[in-house]
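Colleague: Just a sequence and a predicted model for now, questions to come.
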Amino acid sequence: MADYVLAIDQGTTSSRAIIFDKAGSIVSTGQLEHEQIFPQAGWVEHNATQIWDNVREVIGQALAKANLTRHDIAAIGITNQRETAVVWNKNTGRPVYNAIVWQDTRTQPIVDRLAADGGVERFKQQVGLPLATYFSGTKIVWILENVPGAREAADAGELMFGTTDCWVLWNLTGGVDGGVHATDVTNASRTLFMDLETLQWDDGILAAFDVPRSMLPEIRSSSEVYGVASDNSLLRETPIAGILGDQQAATFGQAAFDTGESKNTYGTGNFLIFNTGEEIVHSKNGLLTTLGYKLGDAKPHYALEGSIAVTGSLIQWLRDNLGLFSSAAEVEALANTVEDNGGAYFVPAFSGLFAPYWRADARGALVGLTRYVNKGHIARAALEATAFQTREVLDAVNADSGVDLTELKVDGGMIANNTLMQFQADILGVPVVRPVVAETTALGAAYAAGLAVGFWSGLDELRANWQEDSRWTPQMDKAESDRLLRNWKKAVTKTLDWVDDDVI
């Protein structure tokens with residue numbers, strides 16, 4: 001009997017395979033990082049072939065570490081970096097260009113061109129998203145317009161597009177030999193092409209972007225059997241039965257299934273998702289309207305999302321570009337060498353500012369510097385930037401929903417940083433809660449897959465799996481937190497209007 005579910009977590013910096021048992025506990029993990037490619041300022045790419053090779057290898061790692069085989073795995077779930085775009089030739093299986101990553105800003109001229117008729121909210125009523133470089137739709141357009149032969153091949157029906165879930169699914173189910181070309185509603189809702197009500201591609205929007213519908217995958221629910229692993233896989237004949245974009249997967253893994261429930265993921269960027277149930281809520285405060293999940297034939301659940309581009313990647317930047325420490329985990333100790341930020345504020349608008357500002361013209365700024373400021377203050381300012389950005393997004397969620405959150409469930413790599421978690425509670429003024437199983441992204445994908453094949457009986461069983469690990473309550477005087485937030489907002493204004501025609 002199959003006692004486990006395997007989740008493939010294809011993330012921004014690495015690919016992982018994690019095996020879970022029925023209690024939602026981790027049995028084993030395989031992980032490999034892939035190359036971050038920066039051809040020029042504002043461009044971020046991944047090698048999609050390397051990603052697929054890594055996925056195959058980490059599956060083998062996870063199985064070997066647990067001494068398991070395909071016969072022990074009931075189902076496979078997939079979760080992924082959502083807006084990263086892969087375009088490949090369906091006959092050769094080879095990408096026509098590197099994957100263009102969600103952080104990439106090269107498509108701003110395409111955004112401007114599309115926004116010339118109706119502004120950046122031209123399609124927002126249908127798709128829930130503003131026109132922005134963040135989403136995958138403009139990345140497809142860039143490839144079609146800039147890669148030699150791509151337009152002709154697309155018009156001939158030879159090219160396929162997919163976010164990385166779709167790329168992994170297609171390859172895992174056979175690739176050129178009958179691979180399944182499908183994605184789920186959560187990933188489809190991040191393209192700028194899917195109508196939130198019909199859950200189908202919008203032909204009018206595709207025409208405006210000049211993207212052939214033949215390139216696009218079939219849109220399916222988040223929990224159903226899409227196909228089985230091909231014969232050349234270690235998991236051959238195992239059903240692939242769950243797909244959720246990474247932030248929706250983390251929300252699902254946190255058991256935030258119902259209206260009003262939420263979570264905040266601290267990863268490469270930060271993403272706060274607030275479940276609005278079966279109601280589509282259009283934000284008036286800079287949030288995105290997106291799909292939360294759809295289980296089989298059941299009605300979809302929608303969500304509001306606050307997306308922050310740079311949080312964990314700022315710590316990587318301090319490590320790799322400035323050499324302030326040799327591992328990201330060391331940032332906490334460095335920040336704790338000082339009592340406060342020394343008056344320094346770090347606004348990491350490396351890819352512009354996402355929610356709630358949506359300012360592509362912003363660039364990063366470290367302000368408030370004096371001779372007193374040292375590397376400890378800079379490390380603390382970097383951590384605090386994550387908490388300040390989360391506060392601004394949470395304020396927007398409270399304004400849109402009309403209901404103030406009473407606590408914040410958190411997950412992702414940065415929640416191991418106790419200093420950050422305490423400061424987050426102080427700046428929010430509400431408790432911050434960490435679960436026992438922090439790998440909620442992979443867990444959510446496993447849950448979606450397991451539900452589809454009857455491995456778990458339903459949402460109540462999954463709720464019972466969730467357990468609290470740690471809780472941080474606000475300790476800071478409110479007047480002090482208000483002062484810090486006021487200075488942060490002042491720092492944000494220093495990043496705006498930086499990019500114009502002659503500034504990269």
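Modeller: Received the coordinates, thanks.
Colleague: Buried residues, stretch 490-501. List them.
Modeller: For stretch 490-501, burial by neighbour count (16 or more other C-beta atoms under 10 Å) applies to Ala491, Val492, Lys494, Thr495, Leu496, Val499. Any C-beta I mention is one placed from the backbone N, CA and C, and that applies to glycine too.
Colleague: Take those residues and write them to CSV, including secondary structure and pLDDT.
Modeller: Formatted as CSV, the buried residues of stretch 490-501 follow (DSSP: H, G, I helix; E, B strand; the rest coil; pLDDT from 0 to 100):
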residue, secondary structure, pLDDT
Ala491, helix, 96
Val492, helix, 96
Lys494, coil, 94
Thr495, coil, 93
Leu496, coil, 91
Val499, coil, 78
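Colleague: ok, and what's touching stretch 30-39?
Modeller: 13-18, 44-47, 50-51, 54, 57-63, 65, 98 (C-beta atoms under 8 Å, 6 or more residues apart in numbering).
Colleague: got the contact list for Asp361?
Modeller: Residues counted as contacts of Asp361 (C-beta under 8 Å, 6+ apart) are Gly352, Leu496, Asp497, Trp498, Val499, Asp500.
Colleague: follow-up on the earlier one: going by neighbour count, which of the contacts of stretch 30-39 are buried?
Modeller: Of those, these count as buried by 16+ other C-beta under 10 Å: 13, 15-18, 44-46, 50-51, 54, 58-59, 61-63, 98.
Colleague: Select from these every entry located in strands.
Modeller: Judged by DSSP state E, the subset of those located in strands is Ser15, Arg16, Ala17, Ile18, Glu45, His46.
Colleague: What distance do you get for the first one to Gln316?
Modeller: Spelled out, that is Ser15. Distance, Ser15 to Gln316, by C-beta to C-beta, to the nearest Å: 17 Å.
Colleague: repeat for Arg213
Modeller: Going from Arg213 to Gln316 by C-beta to C-beta gives 38 Å.
Colleague: between these two, who's got more neighbours?
Modeller: More crowded of Arg213 and Gln316, by other C-beta atoms under 10 Å: Gln316, with 15 against 11.
Colleague: Assign the more buried one to helix, strand or coil.
Modeller: Following DSSP: H, G, I helix; E, B strand; the rest coil, the label given to Gln316 is helix.
Colleague: quick one, what contacts it?
Modeller: Thr13, Ala328.
Colleague: where in the chain is pLDDT low?
Modeller: In the predicted model of the chain, residues 501-504 satisfy pLDDT under 70.
Colleague: Okay, buried residues for stretch 400-419 please.
Modeller: 400-401, 405, 408-415, 417, 419.
Colleague: Please apply the same query to stretch 273-293.
Modeller: Neighbour-count burial for stretch 273-293, counted by 16+ other C-beta under 10 Å, picks out 273-277, 280-281, 283, 285-293.
Colleague: circling back to that earlier point, among the buried residues of stretch 490-501, which two are most distant?
Modeller: Farthest pair in the buried residues of stretch 490-501 (C-beta to C-beta) is Ala491 and Val499. Separation: 17.7 Å.
Colleague: follow-up on the earlier one: tell me the one among the ones in strands among the buried ones among the contacts of stretch 30-39 nearest to Arg82.
Modeller: For those, the nearest to Arg82 is His46 (13.5 Å; C-beta to C-beta).
Colleague: tell me the contacts of the closest residue to that closest one other than its chain neighbours?
Modeller: Spatial nearest neighbour of His46, excluding adjacent residues (C-beta to C-beta, 6 or more residues apart in numbering): Ala99 at 4.3 Å. With contacts taken as C-beta under 8 Å, 6+ apart, Ala99 has the following neighbours: Glu45, His46, Asn47, Ala48, Ile51, Thr84, Ala85, Val86, Thr164, Trp167.
Colleague: Hmm, the fifth one is touching Thr163, no?
Modeller: No - with contact defined as C-beta atoms under 8 Å, Ile51 does not reach Thr163; the gap is 11.7 Å.
Colleague: How far off centre is stretch 131-140?
Modeller: Its chain's average C-alpha position is 14 Å from that of stretch 131-140, according to C-alpha atoms, centre = their mean, to the nearest Å.
Colleague: So what touches that stretch?
Modeller: By C-beta under 8 Å, 6+ apart, stretch 131-140 touches 82-85, 87, 100, 102, 104-108, 110-111, 114-115, 119-123, 129, 161, 163, 190-193, 205, 209, 211, 215, 307, 309, 351-352, 354, 358, 360.
Colleague: for stretch 370-385, same thing?
Modeller: Contacts of stretch 370-385 (C-beta under 8 Å, 6+ apart): 311, 314-315, 318, 324-325, 331-332, 334-338, 340-348, 366, 417, 419-420, 423, 427, 484, 488.
Colleague: do that again at 7 Å, thanks
Modeller: With C-beta atoms under 7 Å, 6 or more residues apart in numbering as the test, stretch 370-385 has contacts from 314-315, 318, 324, 331, 334-335, 337-338, 340-348, 417, 419-420, 423.
Colleague: tell me which residues in it are buried?
Modeller: For stretch 370-385, by 16+ other C-beta under 10 Å, it's Val373, Lys375, Gly376, His377, Ile378, Ala379, Arg380, Ala381, Ala382, Leu383, Glu384, Ala385.
Colleague: Work out the gap between that stretch and the centre of the chain.
Modeller: 27 Å.
Colleague: same check, this time on stretch 55-68
Modeller: 24 Å.
Colleague: Done for today, thanks.
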